[in-house]
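Asker: Sharing a model that was predicted from the sequence below.
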Amino acid sequence: MNLALGAEVVLHRALAACRALHGRSPWLAAQLRRVVLLVWWTLSLQLHRHARLWLQARSRRRAEPSVDPLPLPLAVQVDPDMLMLPHSDMPVVSVIVPTYGKTDFTLRCLASIAEHKPDVAIEVIVVDDAYPGPETLCLDRIRGVRLIRHSANLGFIHACNAAARLSLGEYVLFLNNDTQVLAGWLDPMLALFDQRADTGAVGAKLLYPDGRLQEAGGIIWRDGTGWNYGRHDDPAAPVYNYVREADYCSGAALLVRRAVFLQLGGFDERYAPAYFEDSDLCFRLRAAGLRTLYQPRARIMHIEGVSHGRDMAEGVKSYQVINRRSFVRVWHDVLAHDHFASGTHVLRARDRAHHRPVILVVDHIVPQPDRDAGSCTMMHFLTALTDSGFVVKFWPYNLCYSAGYTEALQDRGIEVFYGPGHASFTAWMREYGRELDHVLLCRPDIAEDLMPTVRRFSGARVLYYGHDLHFRRLRQQGEVVGDEALLRSADRMEQTERLVWGDADVVLYPSEEEAAIVGTMRPGATALAVQPYCFDNFAADRGPPPGREIIFVAGFGHPPNEDAVCWFTRTVLPQVLARMPDVHFTIVGSNPTKRVRALANQAVSVTGSVSSAALAALYQRARVAVVPLRCGAGVKLKVVEALCEGVPLVTTPVGAQGLPGLSELVPVETDAEAFAVSVCALLHDNALWRMCSAAQVRYARRYFRQQTLRESLLRALNAPIRARASLAA
């Protein structure tokens, strides 16, 4: 025992030396830390377990989303007689394709629409802008197209405006004839209008025929010059794959609400025949309180230069220089106030963050809110931040792409970092750290590792969120199961947490109780409580359901939950069954362990992860919820869920942690027999059931609304408490 304790003291001192070295040489400190841990894991016979976890993490990092191959546009010949475009007499979207010759490109564009039909009803309007000669006559033979032929050449801007006035859809999509749409091109663009009331225009991800990125939204600099953001880069890179507000999106594929477009007078004809009309439209939309959003899920291939060539010294292309001067004259004050000097502050410029705070959030994984409570908290925090107008960057410590969960953040407008080829945290902070206003580090090991890098490369305000007091939970667990190794781990964790508390500007925990403990243990630390969960809906008054169903909901990747359900099933449930033999106990949650699965029998069901709808149905059926935790820390999601659902609860003092006054509403028991008596009372007494259910819902409404969570988080950030609609409803 003394030898083991001495070895752990040596380990702690070696890791402390690594931290001390970090300020002088981050790279050397990181390498030394790896060597120390490898030696320790080898001597303590843990190397095989950590190697397995490393291999699993590497596999997940490599599991990036696949990208569909692009068509070969220049090699495809299209027979107009074989084309049939989707058409509706009551379209939601009118797709406007202006043409002036180049019929072969127009046919390929229309063929791509025919191949990739959107779910929404559309009409396709092809505008032949009085091209001389017979080349465009074949357009008459295409079924499903509304063909508009002008008697005189109006030019691109006049042609688009005229077609918009004749269109029938609620929305108009301007689509260049030298484009080809790819699968899922339109519906994601349209969805942003449903999700965001202040959406003015939506642009697509534009690709070159060779698969390189052409544009992921546009940046306009203070001098009126523009960037097609991401030009020639890899379109699969994470930085180009989240919904983002942009200065403008190219008129090569731009979706606008028809009524708003016409109300603004369409494209401003001062920019005729072309160039800067799309930028000007996006600026006018913004002046009207509407935003231009880039939607990466909509992918469209654009063969740049077909319409007007590439030589800016002659022809229509020359208007790119002329019209920039007009654009700068019109928008001079806005450019001076809201835009950066050319090529500077790119991270802020691409997100239109000249006047918006930028926060980097780091947690161990991309949140999986249907799997664990910590992920629920993180998702609620991220939602509150985006709803409050923050530009949010999320760095999962394992840099793993997580199918479905990563996209959920990206669709909300959050940049998520992932992939084996991504820059290291140190490299990213070296390049962008000075652009950050806040950094939120979660969990003690992560904060201990990354804090020196954050401090070195950023002047941001650093917040630490612990999720719970790790050392306290480990110590309780060690005492309950009599595990000396856990008790030693708790001592090491306490030292780590104390260190992190001292390094952070603000320390956050989910309850006043834990914040007070931090204040006592680390005088001088600014420790605040922040609400960890919030809910949209709370149960209505109702009577008890039929049957005698008991429910326990938990994620079993968390050891205290396994201990809790085993203790309840083996010591409390037999006493309940002795009084009421028809009772059934349902265990719900992700990653049930072998011990948990072994509990299943005629009176006990064990299920894995379930959908939100299925979980709600289980709560509706349950007569009693139990949270029999014997160790743990923080505010328990399973307790709060039972309160919100109005399912009468029986728990322990550990389950009631951080919830002031809860013991006045629900039975809080430590003894197995008392626990069983309280469960039986709720199973039997309908009046008691109704009283407890109503009281729990009132408690949940008071403490766990969205507004109160947002306000508590913004107070910690010293940010104004104001709501702003998020990128995802």
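Answerer: Cool, the structure landed. Given the structure is predicted, the values throughout are model-derived calculations rather than measurements.
Asker: Can you tell me how far residue 296 is from residue 358?
Answerer: With the distance defined as Cβ to Cβ, to the nearest Å, residue 296 ends up 20 Å from residue 358. For the C-beta atoms, the positions are set from N, CA and C on the backbone; glycine is no exception.
Asker: Please name the nearest non-neighbouring residue to the residue most central in space within the chain.
Answerer: Note on the chain: the residue nearest the mean C-alpha position is residue 409, at 1.3 Å, using Cα atoms, centre = their mean. Of all residues not flanking residue 409 in the chain, residue 416 sits nearest, at 5.1 Å (Cβ to Cβ, 6 or more residues apart in numbering).
Asker: Quick check: bridge partners of the one you found?
Answerer: residue 394 (DSSP bridges).
Asker: Quick check, pLDDT for it.
Answerer: In this prediction, residue 416 carries a pLDDT score of 98.
Asker: For it, give its distance to residue 155.
Answerer: Counting by Cβ to Cβ - residue 416 and residue 155 are separated by 42 Å.
Asker: rewinding a little: could you list every residue that touches the residue nearest to residue 409?
Answerer: Each residue near residue 416 by Cβ atoms under 8 Å, 6 or more residues apart in numbering is listed here: 238, 242, 366, 394, 396, 406, 409-410.
Asker: so, if you compare those, which one comes nearest to residue 278?
Answerer: The shortest distance between residue 278 and any of the contacts of residue 416, using Cβ to Cβ, involves residue 242 and amounts to 21.6 Å.
Asker: which residues touch the helix or strand harbouring the residue nearest to the centre of the chain?
Answerer: In this assignment (DSSP states H and E), residue 409 forms part of helix 405-411. By Cβ under 8 Å, 6+ apart, the surrounding residues in contact with helix 405-411 are 241-243, 296-297, 366-368, 382, 394, 416, 418, 727-728.
Asker: Centre of the chain to stretch 619-631, how far?
Answerer: 30 Å (Cα atoms, centre = their mean, to the nearest Å).
Asker: Now that stretch - C-alpha only, CSV.
Answerer: The C-alpha trace of stretch 619-631 is given here as CSV (Å, rounded to 0.1, in the frame of the first residue of the first chain):
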residue,chain,number,x,y,z
TYR,A,619,-42.7,8.2,-18.2
GLN,A,620,-46.4,8.4,-19.0
ARG,A,621,-46.8,4.8,-18.1
ALA,A,622,-44.7,4.9,-15.0
ARG,A,623,-46.3,5.2,-11.6
VAL,A,624,-43.1,5.9,-9.6
ALA,A,625,-39.6,7.1,-10.6
VAL,A,626,-36.7,6.0,-8.4
VAL,A,627,-33.2,7.5,-8.2
PRO,A,628,-31.4,5.3,-5.6
LEU,A,629,-27.9,6.8,-5.9
ARG,A,630,-25.5,6.0,-3.1
CYS,A,631,-22.7,8.2,-4.5
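Asker: okay, the contacts of helix 405-411 in CSV with secondary structure and distance to residue 573 next?
Answerer: Written out in CSV, the entries for the contacts of helix 405-411 read as follows (DSSP: H, G, I helix; E, B strand; the rest coil; distance: Cβ to Cβ, whole Å):
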residue, secondary structure, distance to residue 573
241, coil, 48
242, coil, 47
243, coil, 48
296, strand, 50
297, strand, 48
366, coil, 36
367, coil, 33
368, coil, 29
382, helix, 38
394, strand, 41
416, strand, 42
418, coil, 43
727, coil, 46
728, coil, 41
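Asker: List the buried residues for stretch 689-704?
Answerer: Within stretch 689-704, the residues that qualify as buried are 689-690, 692-697, 699-700, 703-704, counting by 16 or more other Cβ atoms under 10 Å.
Asker: Pick out whichever of the residues you listed sits closest to residue 389.
Answerer: If you rank the buried residues of stretch 689-704 by distance to residue 389 using Cβ to Cβ, residue 704 comes first, at 22.9 Å.
Asker: can you tell me which two in the contacts of helix 405-411 are farthest apart?
Answerer: The most widely separated members of the contacts of helix 405-411, counting by Cβ to Cβ, are 296 and 368 (21.7 Å).
Asker: All the helices of the stretch 551-700 of the chain, in order from the start?
Answerer: Under the criterion DSSP state H, counting those that start in this stretch, helices of the stretch 551-700 of the chain are mapped to 559-567, 573-579, 594-597, 612-621, 637-645, 672-684, 686-703.
Asker: so how far is the third one off the chain centroid?
Answerer: Which is helix 594-597. Centroid separation for helix 594-597 versus its chain: 32 Å, with Cα atoms, centre = their mean.
Asker: Which neighbouring elements make contact with that helix?
Answerer: Other helices and strands packing on helix 594-597, by 3 or more Cβ pairs under 8 Å, 6 or more residues apart in numbering; DSSP states H and E, are helix 559-567.
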